[in-house]
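*Asks:* Sequence and predicted structure below; questions after.
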Amino acid sequence: MTPLDTDILLDWIVRRGLDGVDEAQLLREFCEKCREAGLMLSRALSFVDTLHPVHEGRIYRWRDDSVEEEAATDYARTDQGGPAAESWQRSPFFHLLQTGGDELRRRIGFGDAIDFTVVQEMKDAGYTDYVVFIHRFAGDTKIGDMDGVYSAWSTRHSEGFSDANMAALRRLVPALALAIKSAALARIADTLVQVYLGRDAGRRVLEGSIQRGVADRIEAALWFSDLRSFTAITDTAKPSEIIPLLNDYAEAVITAIHEAGGDVLKLIGDGTLAVFRADDPAEACRRALRAEENLRARMKALNERRLAGEQPITTAYIGLHVGEVFYGNIGSVDRLDFTVVGPAVNETSRIASMCRSVDRPLLVSSTFAEALPTAERDRLVSVGRFALRGVGKAQDLFTIDPALL
């Protein structure tokens, strides 16, 4: 690869980075471009840590042979022991972090030490040269554990990497790392807003819906749920059991809502506020009922598992309503919440709180019941007429006919 080839490829990296190409595609196209220019890469990988509630980061792979590999995979946390941590601590990257280095090369086919497991694997597979880089982020540019872009490059060429090829890699890989960092930051932003704001609200915020006081009037089916006897459980359970309990039941509630097409907007202790939207209000209400049915099945399985582990169990109280709400940014200039507000939201909360009084796990408003298609409406029975706290007009509340459960 000539210096001119390197300059051309640097320009290409900048353009593709600005285009917003994802990391796996960037790596693949980069390796193909290198080969076209005479730098005969045979295998490459790059990885970067992220901010994610489950995964530590994501790794990207490319190779020139017929061996099947996932182009992009998430990797498990390495700070909690186990096989992932042991593998990481045997890697050249961990060695560089411990020694403060940023490059390690092993000319496998020319007598260099076989001092890492991966180097032995490379030798056995016929590779002749192998080099790894760490391109670190400085100071405040780190985000959580995202402290740099890590990469490894290898070739089967009989002469390994020439001096010119190594010079090219040392110029090109930092630029590629910057493009990968840019794509990774976009991915992190998307993950964070979805995890903390909800899927639809997060998408709207990333699309620019961040102006204070701007909200849409929408018609939606509303869900509010909380856990039965949660206060009593917290008073009697071990403190170490409370967060796992909340996580277990929140996982069941949120998954059931998402699978039915709803969006979770807020977690309030053991409570969950969600919305179901559709062009037809009847469809939105059907989705909410589908989520409730899904949740009952999930909670049954969850409670069986927790009982087997001698852990406290509970169930959920759910209130469903349908109405017009304001959906958008509410708060101060430096602290906004993307949520729904309006009388219908308060009414949904009051309906859920009535579940305790009538000892039913689900209550729906008369408005919700009337919006349902006939088949679903026929499954409901009235539990009586109630004056809800803070709601001006008494109304009938309904639940699923116990005979159908």
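*Replies:* Received, thanks.

*Asks:* Okay, and the beta partners of L273?
*Replies:* F224, K266 (DSSP bridges).

*Asks:* residues making contact with the helix or strand that contains S353?
*Replies:* Secondary structure assigned from DSSP states H and E places S353 in helix 343-358. Residues from elsewhere that reach helix 343-358 (Cβ atoms under 8 Å, 6 or more residues apart in numbering): 222-226, 228, 273, 317-325, 361-365, 383-384, 386, 388-391, 397, 399. (Each C-beta comes from the backbone N, C-alpha and C, glycine too.)

*Asks:* Buried ones among the residues you listed?
*Replies:* 222-226, 228, 273, 317-323, 325, 361-365, 383, 386, 388, 397, 399 (16 or more other Cβ atoms under 10 Å).

*Asks:* Restricted to strands, list those.
*Replies:* Using DSSP state E, the members of those that fall in strands are 222-226, 273, 317-323, 325, 362-365, 383, 386, 397, 399.

*Asks:* Now do the helix or strand bottoming out on mean pLDDT in the chain: which elements does it pack against?
*Replies:* Lowest on mean pLDDT, DSSP states H and E among the helices and strands of the chain sits helix 199-206, with a mean of 81. Applying 3 or more Cβ pairs under 8 Å, 6 or more residues apart in numbering; DSSP states H and E, we find helix 199-206 packed against helix 163-197, strand 263-268, strand 335-341.

*Asks:* Of all the residues in it, which ones are buried?
*Replies:* If you call a residue buried by 16+ other Cβ under 10 Å, then helix 199-206 has these buried ones: D200, A201, G202, R204, V205, L206.

*Asks:* So which of the helices and strands packed on helix 199-206 is nearest N247?
*Replies:* Among the helices and strands packed on helix 199-206, strand 263-268 comes nearest to N247, with 10.8 Å by Cβ to Cβ.

*Asks:* That closest one to strand 335-341, inter-axis angle?
*Replies:* For strand 263-268 against strand 335-341, the angle by axes from the mean of the first three to the mean of the last three Cα atoms, to 10 degrees is 110 degrees.

*Asks:* which parts of strand 263-268 are buried?
*Replies:* Within strand 263-268, the residues that count as buried by 16+ other Cβ under 10 Å are D263, V264, L265, K266, L267.

*Asks:* Ok, stretch 46-63 next?
*Replies:* Across stretch 46-63, burial judged by 16+ other Cβ under 10 Å covers 46-52, 56-63.

*Asks:* The helix or strand containing A256 - what's its average pLDDT?
*Replies:* Assigning secondary structure by DSSP H and E places A256 in helix 239-259. The predicted model assigns helix 239-259 a mean pLDDT of 94.

*Asks:* before we move on, what about stretch 32-42?
*Replies:* So the average pLDDT for stretch 32-42 ends up being 96.

*Asks:* gap between the two ends of it?
*Replies:* End-to-end span of stretch 32-42 (Cα to Cα, to the nearest Å): 10 Å.

*Asks:* neighbours around the residue nearest to I114 when sequence neighbours are not counted, how many?
*Replies:* Spatial nearest neighbour of I114, excluding adjacent residues (Cβ to Cβ, 6 or more residues apart in numbering): Q120 at 5.1 Å. Using other Cβ atoms under 10 Å, Q120 is surrounded by 12 other residues.

*Asks:* Distance of Q120 relative to D112?
*Replies:* Plainly put, Q120 is 12 Å away from D112 if you go by Cβ to Cβ, to the nearest Å.

*Asks:* cool, W223 as well?
*Replies:* Per Cβ to Cβ, W223 is found 62 Å from D112.

*Asks:* What residues sit buried inside stretch 302-320?
*Replies:* Residues of stretch 302-320 classed as buried by neighbour count (16+ other Cβ under 10 Å): 302-303, 306, 311-320.

*Asks:* With stretch 234-243 instead?
*Replies:* Those buried within stretch 234-243 under the rule 16+ other Cβ under 10 Å are T234.

*Asks:* now the end-to-end length of that stretch.
*Replies:* Terminal residues of stretch 234-243 are spaced 10 Å apart (Cα to Cα).

*Asks:* Tell me which residues are up against it.
*Replies:* The contact list for stretch 234-243 (Cβ under 8 Å, 6+ apart) reads I233, L245, Q311, P312.

*Asks:* what sits against the first one?
*Replies:* Counting by Cβ under 8 Å, 6+ apart, I233 touches L227, I242, L245, P312, T314.

*Asks:* Repeat that for the second one.
*Replies:* Taking Cβ under 8 Å, 6+ apart, we find L245 in contact with I233, A237, Q311, P312, T314.

*Asks:* ok, back up a step: so can I have a markdown table of the helices and strands packed on helix 199-206 showing distance to E347 and mean pLDDT?
*Replies:* Output for the helices and strands packed on helix 199-206, formatted as a markdown table (distance: least, Cβ to Cβ, whole Å; pLDDT from 0 to 100):
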| stretch | distance to E347 | mean pLDDT |
| --- | --- | --- |
| helix 163-197 | 23 | 91 |
| strand 263-268 | 16 | 92 |
| strand 335-341 | 12 | 85 |
